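A.B. asks: here is my input; please provide its structure:
(one chain, ligands or ions: 1)
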Amino acid sequence: MGATAARGVGSVGGAGTTGATGVTSPGGADAGGAAEAVAGATAASDAAAGGAGIRAAGVAAAAALAADEPGQRGDDLEQWSGAGGAFPAGSLLGDGKVIDLRPGAAWLGELDTAAWRRAWRLAATVTPAARPDPHGLPGLRALLADYARRSRGVACTPERLLVTRGSTNGLDLLASTVLRPGDRVGVEDPGYGKARSVLAARGAELVPCPVDEHGLIVEDLPDDLRLVCTTPSHQYPLGGVLPVPRRQALLAWARRTGALIAEDDYDGEFRYDVAPLPALYGLDPEVVVYLGTTAKILTSDVGVGWLIARPDLVEAIARRRAEFNDRTAVVPQEAIRLLLERGDLARYIRRMRAEYARRRAVVAEALDGLTLLGDTAGLHVVVLLPQDESERVTKEAAQRGVLLDTLERHFMGPPRFAGLVIGYGSAATTRELRAGCTLVRELAAP
Ligand SMILES: Cc1ncc(COP(=O)(O)O)c(C=O)c1O
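C.D. replies: Numbers count the residues shown, from 1 in each chain. Presented below is the predicted three-dimensional model:
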């Protein structure tokens, strides 16, 4: 593929900030208890986007779906688009439309709307239980356990699986069960801001753990963490796939220190160069808690995810969850169960994997010459830029109706390097994706 090889980023992660510079939140009262043929593909995807129903999502709906960091996104629009969010005459699409290249949203253009509607119609006929099971619906637990085994190499029985509302909710449930106020929790830096928020709200002292282009730098982990949160399939946002030796070192570290590992497998279904590495959980189910989600295969809005852990932990989490009446609504659970049972979800994921592979090829071709990271998996790539350039490019792109996200924003401490995080799920068509990335290439040209 056309991406400049992600070498020469030896400085990435070099100046680590591991240490006790974490944020301490006293709010722990509740924590006590607890990617080819690009041209043909472009035509297919463009045609799909002009279709009916969810296919007609378009830029406005895509922008609404891209609700990764709502406050931040709103600020971008206000700050860079001009009054009232209307884009100037120079915008690429005109009509005030935007090309959204921010990460966080999946592309829903090829959703089989007939299967989707059928599942939700049938799900609506389910009779809610008077006393909902905090573990989730038994039928869904069994199907999700089977899905995790087939798609992620995770051998698990339904007893090891608890239905959540998504991976963030799963992390919150885990934190509220195992953390005591002031416990030190390792978070990847740069990393996922919402995970940091959830952990801080549960009273954790956050410890930024540096990552490089391969993922978490395991040898830098301190020994006094209760929990470390990691994204080994596709580090968020840098995009590294954690190599096998580091996986083994991470598990050995957890065994030695007694820490737990929260494995956020938010986009583990999407790997394009070779078959995905199996989930970390499969290597050591005693110390890893696996967090799965429908956020990238569908959208966060569905509100269904799954947590896989050893049975005693699942039971403790279920009890803790019941204490504060946290649950996954029955109708979304039943809809996902039906989509899994009929094979609709598996078919959709196969189509999406092909679509994302095409989109990723479009992005890599349009950005050729820039330094890309993390383009072998997931729904986003990172473009490394010189310090101060990402702000300028983001601002000038917004004035042309192209929304971007800076890499710096994802750091907890001072940013150690700069660039853009370019998501390829939100753009309505590959034509728009190519136009947006071509503009980025022009603006970023030295
Ligand atoms: C790193 C990471 N984890 C998890 C999620 C999704 O979380 P949830 O399932 O809570 O919607 C996202 C969504 O953008 C993400 O980027």
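A.B. asks: quick check, Glu219 in a helix?
C.D. replies: Yes - applying DSSP: H, G, I helix; E, B strand; the rest coil, one finds Glu219 inside a helix.
A.B. asks: which element is the closest residue to it other than its chain neighbours on?
C.D. replies: Excluding the flanking residues, the one nearest Glu219 by CB to CB, 6 or more residues apart in numbering is Ala249, at 6.9 Å. From N, CA and C alone the C-beta is placed, and that goes for glycine too. Ala249 belongs to helix 244-257 when elements are defined using DSSP states H and E.
A.B. asks: my guess is the residue nearest to Glu219 contacts Val218, does it?
C.D. replies: Yes - in this structure, Ala249 is within contact of Val218 by CB atoms under 8 Å, at 4.5 Å.
A.B. asks: Gly182: neighbour count?
C.D. replies: For Gly182, the neighbour count with other CB atoms under 10 Å is 14.
A.B. asks: give me phi/psi at it?
C.D. replies: Taking degrees, to the nearest 10, you get phi 90, psi -10 for the backbone angles of Gly182.
A.B. asks: do you know the pLDDT at it?
C.D. replies: With respect to pLDDT, Gly182 has a value of 92.
A.B. asks: same check on the one 4 residues further on?
C.D. replies: For Gly186, the pLDDT comes out at 98.
A.B. asks: ok, for it, nearest residue in space, not its chain neighbours?
C.D. replies: Leaving aside its chain neighbours, Gly186 sits nearest to Val228 (3.6 Å; criterion: CB to CB, 6+ apart).
A.B. asks: where does the one you found land in three-state SS?
C.D. replies: With three-state DSSP as the basis, Val228 sits in strand.
A.B. asks: could you do Arg327 as well?
C.D. replies: Classified using three-state DSSP, Arg327 is coil.
A.B. asks: so what's it up against?
C.D. replies: Contact partners of Arg327, counting by CB atoms under 8 Å, 6 or more residues apart in numbering, are 132, 134, 321.
A.B. asks: again with Cys229
C.D. replies: Contacts of Cys229 by CB under 8 Å, 6+ apart are 171, 185-188, 191-192, 195, 199, 262, 264.
A.B. asks: quick revisit: got a winner among the contacts of Arg327 for most neighbours?
C.D. replies: Most surrounded of the contacts of Arg327: other CB under 10 Å gives Arg321, at 22 neighbours.
A.B. asks: name the element it belongs to?
C.D. replies: Counting by DSSP H and E, the element that carries Arg321 is helix 311-323.
A.B. asks: residue of the chain closest to the ligand, please.
C.D. replies: With CB to the nearest ligand atom, the shortest gap between the chain and the ligand falls at Gly166, namely 2.6 Å.
A.B. asks: what's that residue sitting at in phi/psi?
C.D. replies: According to degrees, to the nearest 10, Gly166 has phi 150, psi 180.
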